[in-house]
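J.: pasting the sequence and the predicted model now:
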Amino acid sequence: RANRDGSFGTTGRCPPFETELAQALESHSFEPIRVLQWRNTALAFVPLGALQASLAETPADFAEVEPMYRDIVERGSRIFGRDHQQTLSFVGGLVMVLEMRCKYAEAETISRDYLERLQRARGPRHPDTITALIQRARLLNLAKQPVDALAQGRQALAAAVEAFGQEDRREAGAGAHVGD
């Protein structure tokens, strides 16, 4: 397919690809990865049920995952650019891992930069930006900065109301973690 134009054939009982999927494959255009989840490294290959169970396990120690996220953020920045949507998704994952490791101060610092980049790249009312505002409010609260957390939560709520309208306020979840 890379060298000659053609079509996607079928084999056995597999149905043909839908037109949209074939076009996406040919143009290499896919939805961005929103969450990167590292799997268990201790896989049990036999029997099949054991493999499926071991694949479903998430790493118990986020210390194992943190360097992987740092590496993928660095690679994404180098390959796609710092403000590319894929790199920003990786940064959001790193913030989540740092939060899970209780590294709230570092997670908050990275989330501040992440939020600024999202606002530039996607705008202040984009759902990803609003989610990052909510995440940052939670991090500020966890880092024992309740006044800043409350202000960030209010900013998230205001952005959600502006973006989605007053009636959708509960669905946006803005400020849900402030004061917990």
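T.: Happy to help now that I have it.
J.: got the residue ranges for the helices in this protein?
T.: With DSSP state H applied, the chain shows helices at 19-27, 48-56, 62-79, 85-100, 104-122, 127-142, 146-164, 169-172, listed in chain order.
J.: want to throw those helices into TSV with mean pLDDT?
T.: Putting the helices of the chain into TSV (pLDDT from 0 to 100) gives the following:
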stretch	mean pLDDT
helix 19-27	81
helix 48-56	76
helix 62-79	88
helix 85-100	87
helix 104-122	89
helix 127-142	84
helix 146-164	81
helix 169-172	46
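J.: Serialize the ones you listed to a markdown table and add fields for mean neighbour count and distance to Arg13.
T.: C-beta here means a position set from N, CA and C on the backbone, and glycine is covered the same way. Formatted as a markdown table, these follow (neighbours: other CB atoms under 10 Å; distance: least, CB to CB, whole Å):
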| stretch | mean neighbour count | distance to Arg13 |
| --- | --- | --- |
| helix 19-27 | 11 | 18 |
| helix 48-56 | 11 | 21 |
| helix 62-79 | 15 | 37 |
| helix 85-100 | 21 | 35 |
| helix 104-122 | 18 | 42 |
| helix 127-142 | 23 | 39 |
| helix 146-164 | 18 | 44 |
| helix 169-172 | 13 | 41 |
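J.: same list, the ones you listed, but as CSV with distance to Thr11 please.
T.: Converted to CSV, the helices of the chain look like this (distance: least, CB to CB, whole Å):
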stretch, distance to Thr11
helix 19-27, 15
helix 48-56, 23
helix 62-79, 33
helix 85-100, 32
helix 104-122, 40
helix 127-142, 39
helix 146-164, 45
helix 169-172, 43
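J.: so for Gly12, which of those helices sits nearest?
T.: helix 19-27 (18.0 Å; CB to CB).
J.: which strands or helices does that closest one pack on?
T.: If you count contacts as 3 or more CB pairs under 8 Å, 6 or more residues apart in numbering; DSSP states H and E, helix 19-27 packs onto no helix or strand.
J.: residues contacting Arg125?
T.: Going by CB atoms under 8 Å, 6 or more residues apart in numbering, Arg125 touches Ala159, Glu162, Ala163.
J.: how near is His84 to Pro32?
T.: His84 sits 9 Å away from Pro32, going by CB to CB, to the nearest Å.
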